[in-house]
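Novice: Sequence and predicted structure, then a few things I'm wondering about:
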Amino acid sequence: MAPQVKDMLIARELKERVLRIAPLVDFRVFGSRARGNADEYSDLDVFLEFESVDSELEERVSDIAWEIGLENHLVISPLIFSRYEIEVSPLRISQIVKAIEAEGVPA
């Protein structure tokens with residue numbers, strides 16, 4: 001199986017498990033694995049946007065990402081934001097958000 005195909009299957013599994021605990025506004029894979037220039041040690045960067053975020057949700061998403069990563073011998077790095085942070089706060093013009101908008105691949 002091609003690495004990018006496997007990455008997208010893993011990302012979709014993460015998305016499905018996260019949707020069991022909270023609705024998502026947006027979900028994308030970004031970084032080297034989305035660009036197709038990852039190496040065997042690259043992590044899987046995922047962007048998750050929720051209507052609102054609290055520490056319990058962040059912890060639950062991180063736990064799910066860790067479990068799926070462990071099952072697939074891969075580090076999954078979730079980047080979690082609220083809709084407010086993406087649409088209204090100064091974060092909306094940050095380099096990371098611009099990069100995710102430009103190169104992020106919906107899963």
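Specialist: Perfect, thanks for sending it.
Novice: centroid residue for the chain?
Specialist: Centroid-nearest residue in the chain: Val46, 1.7 Å away (criterion: CA atoms, centre = their mean).
Novice: In contact with the spatially closest residue to that residue that is not a sequence neighbour, which residues are there?
Specialist: The shortest distance from Val46 to any non-neighbouring residue, by CB to CB, 6 or more residues apart in numbering, is to Pro78 (5.2 Å). Where you see a C-beta, it was placed from the backbone N, CA and C, and this is true even at glycine. Neighbour list for Pro78: Leu14, Val46, Leu48, Val61, Ser62, Ala65 [criterion: CB atoms under 8 Å, 6 or more residues apart in numbering].
Novice: Looking at the residues you listed, which are in helices?
Specialist: Leu14, Val61, Ser62, Ala65 (DSSP state H).
Novice: ranges for the helices of the chain?
Specialist: Under DSSP H, the chain gives helices at 3-19, 32-35, 55-72, 83-87, 95-103.
Novice: Next one: the residue nearest to Val46 from Ser55, what distance?
Specialist: Going from Pro78 to Ser55 by CB to CB, to the nearest Å gives 14 Å.
Novice: again, but for Asn72
Specialist: Where Ser55 is concerned, Asn72 sits at a distance of 26 Å (CB to CB).
Novice: ok, the two, which is more surrounded?
Specialist: Counted by other CB atoms under 10 Å, Asn72 and Ser55 do not tie: Asn72 has more neighbours, with 16 against 7.
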